[in-house]
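Colleague: make a model of this:
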Amino acid sequence: MTEERIIFLDPRGALAETHRALSNPGRTIQVLVDCEEDLLDLVQTEREGGASRPPTILVADGDSASGLHPSLANRWAEMGSELPILLVALVPNRACGAEWVRAGAVCAVEQPVDPETLRSEVDRWLRFLDRFSRSERRMGALRKFFAMFAHDLKNPLNAIQCYCDLVINQPDLAAETRDSLQRIRRNTEILELMAQGVLAVVRGVALWRIQPVDVELGPVVAEAVEMLRVPALARRVAIRQKAEGPSAVVRIESPRIIEALTNILDNAVRFSPEGGTIEVGIVTREQEVLITVDDEGPGIPARDRSGIFVDIGRIRVSRGGSGLGLGLSIAREIVELHRGAIWAEAGAKGGARIVIRLPVVRSGNGTELLPATTTESSIGLPIVREVRE
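Modeller: Numbers count the residues shown, from 1 in each chain. Predicted coordinates for the structure are as follows:
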């Protein structure tokens, strides 16, 4: 039987009958009179001891005569470490109950309390906490696995880079082989950045940081296209790149933008029919540049276009293919980190079009359009979120 704990916040001793109604084998009942101070000491002791806490419900005397204020409900809820602390308020009337719920209580039960109703409510929330506890343990195991994976990935990546450098520097190496090895090395650099991002998430940092520099956009897009040519050929899909207008200089961290573009192109390849064509365009305007990726797949319904960059799983449902849509969510974060925007629309050939908009640093005539200095930036990652209910 799972251990359970109910803590009564009963400064005036008005809940004695309720204590007995909720007593149960395997359940610990604690009564706090100096509620706030005692509860703070209890949580602090458990945190310092590092012990796993059983599912815990607070039952509070919600009558104003008790001296407990509803605003404390949210403060107590935030004290939870591994598990949330859920508060059930026993209140004199519905209006008072609504005030406690607005302040953070999970529910309010009107007095005089029906023991069966209260037991049902408390048992319901204890079951929720038990499920949450099991999920939290599974998430902890996953976080540990990904931390070990991301950390250990650095060693083989470093070895690949070193071997690539050794061979690339051979004077008699064929130009085509040297070019292929340089592409392999650039891909390992992107993998290294991705591993660093995973480590940041599992450590609770959940930030990406960039150090952008001014580069011409065309070669960056071309490199992303080249990275997808082999999987595209395997599906007999052609990728064509074209540019309109003068060359654009943008302030970016190239590996990040390449990562965003390869995520988009990977989706385009997977959803394109065999023998299809993917068009990658660069359109330079006065103060911005657009990167467009058009495929000949089934397209994305208008109602789903705004959600594919946020909701994991939406792309699979709307287009009927494989994959969770995580790559598009990552692409959005990367683009927004560079002060850009990304959206989906109907493609020119009936498929989907993904558009990335980035600010231009300098126009084709050399006019400066953005300030010359850029500080390091950071943004939150959406891949892993802790949810506290």
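Colleague: residues in contact with Met227?
Modeller: The neighbourhood of Met227, defined by CB atoms under 8 Å, 6 or more residues apart in numbering, consists of 183, 187, 258, 262, 265. Just so you know, the C-beta spots here come from the backbone N, C-alpha and C atoms, and that holds for glycine as well.
Colleague: how many other residues sit next to the second one?
Modeller: Same thing as Asn187. Using other CB atoms under 10 Å, Asn187 has 18 neighbouring residues.
Colleague: show me how far the host helix or strand of it is from its chain's centre.
Modeller: Using DSSP states H and E, Asn187 sits in helix 175-202. Centre-to-centre, helix 175-202 and its host chain are 22 Å apart (CA atoms, centre = their mean, to the nearest Å).
Colleague: output the contacting helices and strands for it.
Modeller: Counting contacts by 3 or more CB pairs under 8 Å, 6 or more residues apart in numbering; DSSP states H and E, helix 175-202 packs against helix 115-168, strand 207-210, helix 217-234, helix 254-271.
Colleague: what's the closest of those to Arg102?
Modeller: helix 115-168 (17.8 Å; CB to CB).
Colleague: that's a strand at Ile6, yeah?
Modeller: Yes: using DSSP: H, G, I helix; E, B strand; the rest coil, the assignment for Ile6 is a strand.
Colleague: for my notes, confirm Leu68 occurs in a helix.
Modeller: No: under three-state DSSP, Leu68 sits outside any helix and is assigned coil.
Colleague: that one against Leu39, yeah?
Modeller: No: counting by CB atoms under 8 Å, Leu68 stays clear of Leu39, with 11.0 Å between them.
Colleague: which residues do the two both contact?
Modeller: Counting by CB under 8 Å, 6+ apart, the shared contacts of Leu68 and Leu39 are Leu9.
Colleague: so where is the stretch 251-389 of the chain shaky, pLDDT-wise?
Modeller: Applying pLDDT under 70 to the stretch 251-389 of the chain flags residues 311-326, 362-389.
Colleague: ok, now with 50
Modeller: Per-residue confidence for the stretch 251-389 of the chain (pLDDT under 50) gives these ranges: 312-318, 320-324, 371-389.
Colleague: and the gap between Leu86 and Glu121?
Modeller: 10 Å (CB to CB, to the nearest Å).
Colleague: in the protein, which residue sits furthest out from the middle?
Modeller: Relative to the centre of the chain, the most outlying C-alpha is that of Asp172, 47.0 Å out, by CA atoms, centre = their mean.
Colleague: quick one: it from Pro112, how far?
Modeller: 93 Å.
Colleague: so what's the backbone phi/psi at the closest residue to Arg235 other than its chain neighbours?
Modeller: Leaving aside its sequence neighbours, Arg235 sits nearest to Glu274 (CB to CB, 6 or more residues apart in numbering; 5.7 Å). Note on Glu274: backbone dihedrals following degrees, to the nearest 10 are phi -60, psi 140.
Colleague: thought Glu274 was touching Ala234?
Modeller: No: counting by CB under 8 Å, Glu274 sits too far from Ala234 to count as a contact (9.9 Å).
Colleague: more neighbours, Leu86 and Glu121?
Modeller: Leu86 (25 against 18).
Colleague: and the more buried one, what are its bridge partners?
Modeller: Note on Leu86: beta-bridge partners Ile57, judged by DSSP bridges.
Colleague: that one and Leu129 touch, don't they?
Modeller: Yes: contact status for Leu86 versus Leu129: in contact at 6.7 Å, counting by CB under 8 Å.
Colleague: returning to what we had before: with distance to Glu223 added, can I get the contacts of Met227 in JSON lines?
Modeller: Shown next, in JSON lines, are those (distance: CB to CB, whole Å):
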{"residue": "Arg183", "distance to Glu223": "8"}
{"residue": "Asn187", "distance to Glu223": "10"}
{"residue": "Ile258", "distance to Glu223": "6"}
{"residue": "Thr262", "distance to Glu223": "9"}
{"residue": "Leu265", "distance to Glu223": "11"}
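Colleague: nearest to Gly97 among these?
Modeller: For the contacts of Met227, the nearest to Gly97 is Thr262 (53.1 Å; CB to CB).
Colleague: list the contacts for the closest one?
Modeller: Counting by CB under 8 Å, 6+ apart, Thr262 touches 190, 224, 227-228.
Colleague: for the residues you listed, pick the one with the most neighbours.
Modeller: Neighbour tally across the contacts of Thr262 (other CB under 10 Å): the maximum, 25 neighbours, falls on Ala224.
Colleague: if I look at it, how far off is Ala260?
Modeller: Ala224 sits 8 Å away from Ala260, going by CB to CB.
Colleague: circling back to that earlier point, give me the phi and psi for the residue farthest from the centre of the chain.
Modeller: Torsion angles at Asp172 (phi, psi; degrees, to the nearest 10) stand at phi -100, psi 20.
Colleague: could I get the contacting residues of it?
Modeller: Contacts of Asp172 were listed using CB under 8 Å, 6+ apart, and none were found.
Colleague: against Val106, how distant is Ser71?
Modeller: Applying CB to CB to Ser71 and Val106 gives a distance of 16 Å.
Colleague: can you check Gly97 too?
Modeller: Taking CB to CB, one finds Gly97 at 12 Å from Val106.
Colleague: ok so, going back, looking at Ser71 and Val106, which one has more neighbours?
Modeller: Per other CB under 10 Å, whichever of Ser71 and Val106 has more neighbours is Val106, with 20 against 12.
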